[in-house]
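A.B. asks: Prediction below, plus the sequence it came from.
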Amino acid sequence: MIARLHGTVVERRSQGLVLDVGGVGYLVLCTDATAARHPVGSQATLRIHTSVREDAIELYGFASELEEVLFHELLRVQGIGPRMALGILAGGEPRDIAAAIVAGDLARLRKLPGVGKKTAERLVVDLRERLALFVGPAHEKAAPVSSPPRAGDELLLALEALGYRAAEAEWRAAFARKRLGESASVEELVKEALRAR
């Protein structure tokens, strides 16, 4: 699986960018906002989600870890595939979309590309609790609920040692601490963090 690509943007297409990596051109599907950050001729590093179907292999690119994490959260919702998830991300900033889901703002969610009433309701039901760990209660610039990772935070270090990226590790750590409280041992917190789905 491809997790990241770094290369030269050689072409912009309606659905994304063509990235030249070692002489091979990869079509990376991305939002217009991501494409706009990387003009033709510039160097780009994109986080990648590889989607394999019977008839195609598609690469989806993300400029930030938060955008990639939200994309994967959207894929958890029944009826949302990679193309639709990317379309939803194209509808605004990742933190704003997450805040709308947490707030249950169906009117805002229905303005996102491809999202009708039923899909908006599913987004809220399926993701509200998971995304609440990323979004502050009053959505003051959608500040994360958890404080920034502390140096030497054993739980985060343990999760990162298990292969989780920083944002995923922080989400799982916040999930475990919310469920068990700060008084739980690191071992208990790690076990609870691994149960997060």
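C.D. replies: On my side now, so go ahead. These numbers come from a predicted model, not from an experiment.
A.B. asks: got the contact list for the lowest-mean-pLDDT helix or strand in the chain?
C.D. replies: Using mean pLDDT, DSSP states H and E, helix 154-161 stands out as the lowest-scoring helix or strand of the chain, at a mean of 78. Helix 154-161 is contacted by residues 149, 166, 168-170, 172-173, 176-177, 186, 189-190, 193 when judged by CB atoms under 8 Å, 6 or more residues apart in numbering. Where you see a C-beta, it was placed from the backbone N, CA and C, and this is true even at glycine.
A.B. asks: Quick check: pLDDT value at the residue sitting nearest the centre point of the chain.
C.D. replies: Nearest residue to the geometric centre of the chain (CA atoms, centre = their mean): Val69, 1.9 Å. We note a pLDDT of 89 for Val69 in this prediction.
A.B. asks: any idea how far Val18 is from it?
C.D. replies: 25 Å (CB to CB, to the nearest Å).
A.B. asks: Angles on the backbone of Glu11, please.
C.D. replies: Backbone torsions for Glu11, taken as degrees, to the nearest 10, come to phi -160, psi 140.
A.B. asks: Tell me, how many residues neighbour Trp171?
C.D. replies: Using other CB atoms under 10 Å, Trp171 is surrounded by 23 other residues.
A.B. asks: can you check Arg37 too?
C.D. replies: 16.
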